[in-house]
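**Student:** just the structure for this:
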Amino acid sequence: MQTNCYLRFGQLLENLDTFAVLIGYEHNSPLLTNTGISPLSIVTAMVDEIKIHHDLIDPTVDIIMTGHVMWTGKSSLEIGMWLKQEDKSVLDAEFVMVARDPESKKAAVIHPLETTNEEEMKLFEAGNQHKQQRLAEANESLFQNPPTLEERQIVHEIFLKTLDPRSKSFRSRVLPEGSVWMESTRLKNAVVCFPEKRNIHNKVFGGYLMRKAFELAWANACVFSGNRPYVVAVDDILFHCPVPIGSLLLMSSQVSYSDGKKFIARVHAEVMDTLQGTSTTSNVFHFTFTCGDHPVPTVVPMTYGGRVWKGIWRWYDERMVRSCNLDEIQKEGVTMDQLACIARCNQLNADVVYVDEHTSIDDFRRVVEDTCKGNSSAVICSFGKSYLGALGVGQFATIAGYHAERGLVLALEPARYKHRIFWTPLECLWGAMVATDKATDPTIDLQRGYMVLSQAKPLKNRKNIE
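**Tutor:** Numbering: from 1, shown residues only. Prediction:
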């Protein structure tokens with residue numbers, strides 16, 4: 001129970017995950033060995049749906065949890081759970097679990113589900129429909145397709161409302177009355193993954209991740225609304241990768257949408273390997289809150305891209321660009337040539353300059369000065385992070401400013417949720433670009449350098465091409 005006499009919903013999410021895992025192992029009990037240890041490793045793949053029937057669950061009344069397997073595939077199963085208080089439904093949940101071989105980590109065959117009556121057959125068919133729906137939604141995702149014309153139009157209209165009517169410049173932005181910039185709604189947290197939160201596979205328990213994400217989202221909702229909010233909806237939760245014990249879990253919450261009395265808090269969870277300086281997205285959570293009759297401000301994105309995700313609000317990141325080799329890049333890293341190829345695929349000119357004995361720092365300084373004076377081009381540098389005294393191997397950064405008198409350049413880090421922008425002497429950045437790239441391809445020394453990006457001329461008959 002919380003201090004405001006509300007149920008600890010994050011703890012309830014953790015209990016649901018524990019219950020789902022238990023049901024999964026119980027279903028596969030015929031596969032148990034003589035030692036009583038299951039040869040399978042059953043983990044949560046996603047939370048497909050959570051329906052909250054009563055916004056305020058009574059914390060003084062016992063909650064009865066029931067659940068069973070609704071559908072099975074070859075290596076996955078869908079589990080339905082129903083929560084009641086005094087014979088009244090308060091919450092329904094559907095979890096998708098997957099079975100893995102503990103040694104090879106590959107998919108393992110689970111026990112099939114046999115239906116014995118019409119009700120069970122209906123549940124099994126519903127599970128099949130849920131699977132088809134998940135596949136259809138994946139194909140419609142912005143990770144696969146760009147925003148629709150309607151979505152782009154709505155985002156553009158919101159952007160126009162933030163322009164200063166006395167100015168004809170896109171740089172002159174004004175905050176509409178009763179609104180807040182989305183950038184101001186952020187709240188972050190770092191969690192050290194200790195062994196007491198591990199599961200039997202020596203990874204962090206998925207239910208614990210959901211609880212920590214919800215608690216951060218709820219705290220952010222309190223700050224944003226200035227009130228005591230309660231959750232009314234939970235969107236699908238995907239588990240992209242396991243979280244090892246000993247890693248650092250970075251969580252960032254942001255209010256991404258508000259509509260009168262309801263608003264959505266998004267939590268991005270990322271597991272960081274502090275020794276390697278690398279990080280990977282583990283989960284993205286979306287929680288909808290309300291404060292009853294208490295209104296909340298309207299959230300307005302600061303950038304034209306709109307750093308939001310739901311409905312018309314979508315994240316624009318590397319997974320939305322047009323390229324033919326993104327899967328390879330996400331596994332092995334990106335080279336200068338590949339980044340230039342991605343830029344050209346997205347209607348940009350990319351002039352690449354590799355730093356070697358034939359290039360001059362004076363030419364680089366002139367390029368930086370020219371691009372920082374205008375707004376028609378930009379410079380992206382590839383450099384060795386260790387040369388600048390930072391963790392990690394290599395990095396790309398956009399040059400956003402140049403202080404001629406002091407000889408300093410302002411570098412924008414791509415991962416701004418964990419790294420700050422920084423000033424560095426142009427000579428030091430040049431030295432960092434001289435360092436070769438051995439991490440992306442250990443067999444050869446790839447040259448680093450910089451590239452100048454500018455907008456390409458529009459293609460003729462573009463409609464026919466698309």
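
**Student:** which sections of the stretch 251-400 of the chain are below the confidence cut-off?
**Tutor:** Within the stretch 251-400 of the chain, the ranges that satisfy pLDDT under 70 run 303-332, 375, 391-392.

**Student:** ranges for the helices of it?
**Tutor:** With DSSP state H, counting those that start in this stretch applied, the stretch 251-400 of the chain shows helices at 326-332, 336-345, 361-373, listed in chain order.

**Student:** in the helix or strand where L160 lies, what's buried?
**Tutor:** Using DSSP states H and E, the element containing L160 is helix 149-161. For helix 149-161, a neighbour-count test (16 or more other Cβ atoms under 10 Å) marks E151, I154, V155, I158, F159 as buried. To be clear about C-beta, it is placed using only N, CA and C from the backbone, and glycine gets the same treatment.

**Student:** let me know the closest of these to M302.
**Tutor:** Minimum distance to M302 across the buried residues of helix 149-161 is 9.9 Å, recorded for F159 (Cβ to Cβ).

**Student:** show me the strands in the stretch 101-250 of the chain, by range?
**Tutor:** Per DSSP state E, counting those that start in this stretch, the stretch 101-250 of the chain has strands spanning 179-181, 186-192, 230-234, 237-238, 248-259. These are given in chain order.

**Student:** quick one: end-to-end distance for stretch 414-428.
**Tutor:** The first and last residues of stretch 414-428 sit 19 Å apart, counting by Cα to Cα, to the nearest Å.

**Student:** and for stretch 162-174?
**Tutor:** Start-to-end, stretch 162-174 (Cα to Cα) is 5 Å.

**Student:** beta partners for R266?
**Tutor:** Q254, H286 (DSSP bridges).

**Student:** wait, it sits on F289?
**Tutor:** No. The criterion here is Cβ atoms under 8 Å, and R266 misses it with F289 at 11.6 Å.

**Student:** report the set of residues contacting both of these two.
**Tutor:** Listed contacts common to R266 and F289 are A217; contacts here mean Cβ atoms under 8 Å, 6 or more residues apart in numbering.

**Student:** what's the most buried one of the helices of the stretch 251-400 of the chain?
**Tutor:** Using mean count of other Cβ atoms under 10 Å, the stretch among the helices of the stretch 251-400 of the chain with the largest mean neighbour count is helix 336-345, at a mean of 18.

**Student:** how far is that one from where the chain is centred?
**Tutor:** 23 Å (Cα atoms, centre = their mean, to the nearest Å).

**Student:** output the contacting helices and strands for it.
**Tutor:** strand 348-354, strand 377-384, strand 449-455 (3 or more Cβ pairs under 8 Å, 6 or more residues apart in numbering; DSSP states H and E).

**Student:** among the ones you listed, which is the most enclosed?
**Tutor:** With neighbours defined as mean count of other Cβ under 10 Å, the helices and strands packed on helix 336-345 peak in mean count at strand 377-384, which reaches a mean of 22.

**Student:** parallel or antiparallel, list what pairs with it.
**Tutor:** Counting by DSSP bridges, strand 377-384 is paired with strand 394-403 (antiparallel), strand 449-455 (antiparallel).

**Student:** only the buried residues of the longest one, if you could.
**Tutor:** The neighbour-count criterion (16+ other Cβ under 10 Å) identifies G394, Q395, F396, A397, T398, I399, Y402 as the buried residues of strand 394-403.

**Student:** between it and helix 336-345, how many degrees?
**Tutor:** 70 degrees (axes from the mean of the first three to the mean of the last three Cα atoms, to 10 degrees).

**Student:** which residues are contacting strand 394-403?
**Tutor:** Outside strand 394-403, the residues touching it (Cβ under 8 Å, 6+ apart) are 333-334, 339, 368-369, 371-372, 378-385, 408-414, 421, 423, 426, 437, 439-440, 448.

**Student:** before we move on, what about the shortest one?
**Tutor:** Under the criterion Cβ under 8 Å, 6+ apart, residues 336, 339-340, 343, 347-355, 359, 364, 367, 371, 376-382, 433 lie in contact with strand 449-455.

**Student:** can you give the distance of that strand from its chain's centre?
**Tutor:** 27 Å.
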